[in-house]
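Participant: What follows is a predicted structure for the sequence shown.
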Amino acid sequence: MPVVDVKHDLETRTLTITAEFAAPIERVWQIYADPRQLEKVWGPPTYPATVVEHDLTPGGRVHYFMTGPEGEKFAGYWKVTAVDEPRSFSFEDGFADLDFTPNPEMPVSMNVYTFTEHDGRTRATYVASYETAEG
């Protein structure tokens with residue numbers, strides 16, 4: 001991802017990442033709307049993602065797991081809260097067990113992804129908010 005800025009704000013418990021893509025908004029939207037494309041960008045390169053459920057609609061869920069270098073699996077979920085295709089979507093992102101039951105002992109982040117046209121490119125702003133600084 002062509003990241004141009006990263007801001008951590010412990011006071012508001014937010015992480016904001018800004019990226020710019022040399023592509024129209026509709027193309028960037030497809031990265032998140034298509035589970036096979038999402039797998040290519042979600043998570044660190046050494047822990048590739050596998051999306052097993054993908055419903056990018058309000059109230060929908062995205063279930064995925066990441067596979068570590070030793071074959072271990074780590075599951076997570078998105079609970080989609082809002083969608084304004086192709087401009088933005090919001091979701092809760094949390095950890096889960098391998099049957100995708102949320103793990104209440106792990107932090108959940110609230111996320112807002114926004115895409116805007118900027119000088120013929122797409123600017124993506126990713127904001128994650130947490131209940132606590134420890135989260």
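Facilitator: Now that the structure is in, tell me what you want to look at.
Participant: Setting aside sequence neighbours, what's the nearest residue to residue 37?
Facilitator: Leaving aside its chain neighbours, residue 37 sits nearest to residue 31 (4.8 Å; criterion: CB to CB, 6 or more residues apart in numbering). No exception for glycine: its C-beta is placed from N, CA and C like everyone else's.
Participant: Ramachandran coordinates for that neighbour?
Facilitator: When read as degrees, to the nearest 10, the backbone of residue 31 gives phi -60, psi -40.
Participant: for the top strand by length along the chain, the distance to its chain's centre please.
Facilitator: If you go by DSSP state E, the chain has its longest strand at strand 73-84. Centroid separation between strand 73-84 and its chain, computed with CA atoms, centre = their mean, to the nearest Å, is 7 Å.
Participant: who does it pair up with?
Facilitator: strand 61-67 (antiparallel), strand 88-96 (antiparallel) (DSSP bridges).
Participant: Output those strands in TSV, with mean neighbour count, distance to residue 10 and mean pLDDT appended to each entry.
Facilitator: TSV is the format used below for the strands paired with strand 73-84 (neighbours: other CB atoms under 10 Å; distance: least, CB to CB, whole Å; pLDDT from 0 to 100):
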stretch	mean neighbour count	distance to residue 10	mean pLDDT
strand 61-67	19	26	97
strand 88-96	18	19	97
